[in-house]
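Provided below are the primary sequence and the corresponding predicted coordinates.
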Amino acid sequence: MNTGKQFFTALEGLRGIAAVMVMFLHTGGTLGPMPANISYLAVDLFFLLSGVVLAHSYEKPLITGQISPAGFLLQRIIRLYPLYLLSLPIGVFSFALQNGLDYSTLAGLVLKAILFIPSTNLESLFPLNGPTWSLFFELWAGMLFSVLLIRLSLRSLLAIALGTAGMTMYGALAGGNLDIGHQPSYFIFGFSRVLFSFTLGICLYRLYDIQKPTTANNGNRIGLLLCGCLISIAGISARIFFGFPYFDFFICLVVFPAIVWLGMHTRQTGLVELLFRWLGRLSYPIYILHAPIFSALQTLRQMGFDLPASPAAGMAVVIAIFIAAGIVAIRFDEPVRKKLRKMVAPIRVSVVPAVGNAGAN
């Protein structure tokens, strides 16, 4: 049952760990040679978490008319855009290093980035900040949620989840694994990829909401164990199951929902609660800032700059990103969002912070 004040602390921890896993996926040689792993599935966990948290925060207000779909979209834009816009100058710098100072091209890319329009004619849908692709699809899924999914039964939502999983499987069989949707050639599968996990997340929350949730007494240990499981899964070599995407779908359709379901039934206290809340707080800044930074470093290295590429040097960059994420979260993102919400006089809804694919809700 939704009290309007429930805070899924374990999900915040999972979200933060997932953001870190994605960051390590995009280091671009800064940490030295690293074998590819399946941490790309962290994006699917983001989509799943988004379904849970948006259903918890917005489903009832949307159904009762406390907030309109347009108001919901405005809330999502306020949540995502400040840090996203902050990341664009870094992305412009990195893109200019790689491709030269073609001002007309850069101006066009910046305009499309601001308007959240994917570039389907380039190697990346969002060349100024690659991970933005997941935010694009999450926004699309959120709008569908606000106008349609909230009105569907649990059975219908499950049917959509399984149907879109089947559609995504078609693309994954061609691509070799579930790491699809961010490439222009697999653009259409981005919609089905977000929808099957996002809808599954709504289903998890519906099931949670209709029962009387019980809370595990040893929530700290269970929460840490779930985070450890996520780290172990993300570390599996991508080569093992490449060409056999059924394993990826097993993780996304069975393992991730089980982890999230257990996390929803735990409560953390003390230092573990503090750690999880901070992981959740930093997850979106880490997710949206890391890729342009690593891309710029990789480009400088390719241009002949003598930048160290070793685990020690790479970890120094990772720590710097953590510090930068904390600073921009506290000094920029949170104050700006607070001011914007005051300006638009938003409807007050359940107090649940961002969870997103991208790591933001």
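On my side now, so go ahead.

drop to CA atoms for contacts and neighbour counts, all remaining ones
Fine.

Beyond whichever strand or helix holds residue 140, next helix or strand please.
Secondary-structure element containing residue 140, defined by DSSP states H and E: helix 132-147. Proceeding N to C from helix 132-147, the next assigned helix or strand is helix 154-175, under DSSP H and E.

How far away from the center of its chain is that next one?
Between the mean C-alpha location of helix 154-175 and the chain-wide mean there is a distance of 19 Å, by C-alpha atoms, centre = their mean, to the nearest Å.

Flag every buried residue along it.
Within helix 154-175, the residues that count as buried by 16 or more other C-alpha atoms under 10 Å are 154, 157-158, 160-162, 164-169, 171-172.

what does it contact?
Contact with helix 154-175 is made by 149, 178-180, 186, 189, 192-193, 195-200, 202-203, 206, 243-246, 249, as judged by C-alpha atoms under 8 Å, 6 or more residues apart in numbering.

Kindly report the same for stretch 288-306.
With C-alpha under 8 Å, 6+ apart as the contact definition, stretch 288-306 has outside contacts at 23, 26-30, 83-84, 87, 90-91, 93-95, 97-98, 128-132, 307, 321, 325, 358.

Can I have the buried ones of those residues as a ChimeraX selection?
The following ChimeraX line selects those of the contacts of stretch 288-306 that are buried, judged by 16+ other C-alpha under 10 Å:
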select :23,26,27,28,29,30,83,84,87,90,91,93,94,95,98,128,129,130,131,132,321,325,358
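
Residue 106 touches residue 93, doesn't it?
No. The pair residue 106 and residue 93 fails to qualify as a contact (C-alpha atoms under 8 Å) at a distance of 9.8 Å.

circling back: for the helix holding residue 140, name the packing helices and strands.
For helix 132-147, the contact count by 3 or more C-alpha pairs under 8 Å, 6 or more residues apart in numbering; DSSP states H and E identifies helix 42-64, helix 69-99, helix 187-209 as packing neighbours.

Can you name the next helix or strand after the second one?
Next along the chain after helix 69-99, taking DSSP H and E as the criterion, comes helix 103-114.

first vs last residue of stretch 94-111, how far apart are they?
In terms of C-alpha to C-alpha, to the nearest Å, the two terminal residues of stretch 94-111 are separated by 17 Å.

Give the ranges of residues in the protein that sit below the confidence cut-off.
When the per-residue scores of the chain are filtered using pLDDT under 70, the ranges that remain are 1-6, 212-217, 345-361.

for it, longest helix please?
With DSSP state H applied, the helix covering the greatest number of residues in the chain is identified as helix 270-302.

In that one, which residues have enough neighbours to count as buried?
The neighbour-count criterion (16+ other C-alpha under 10 Å) identifies 272-273, 275-301 as the buried residues of helix 270-302.

Name the residues that touch the next helix or strand after that helix?
Moving toward the C-terminus from helix 270-302, the first helix or strand encountered (DSSP H and E) is helix 311-328. Surrounding helix 311-328, the residues in contact under the criterion C-alpha under 8 Å, 6+ apart are 27, 30, 31, 32, 282, 285, 286, 289, 290.

one more time with 10 Å
Applying C-alpha atoms under 10 Å, 6 or more residues apart in numbering, the external contacts of helix 311-328 come out as 20, 23-24, 27, 29-34, 83, 86, 278-279, 281-290, 293-294, 297, 307-308, 310, 329-335.

thinking again about what came up before, what's the angle from the helix holding residue 140 to helix 187-209?
Regarding helix 132-147 and helix 187-209, their directions subtend 50 degrees when assessed with axes from the mean of the first three to the mean of the last three C-alpha atoms, to 10 degrees.

starting at the chain centroid, how far to helix 132-147?
Between the centre of helix 132-147 and the centre of its host chain there is 11 Å, according to C-alpha atoms, centre = their mean.
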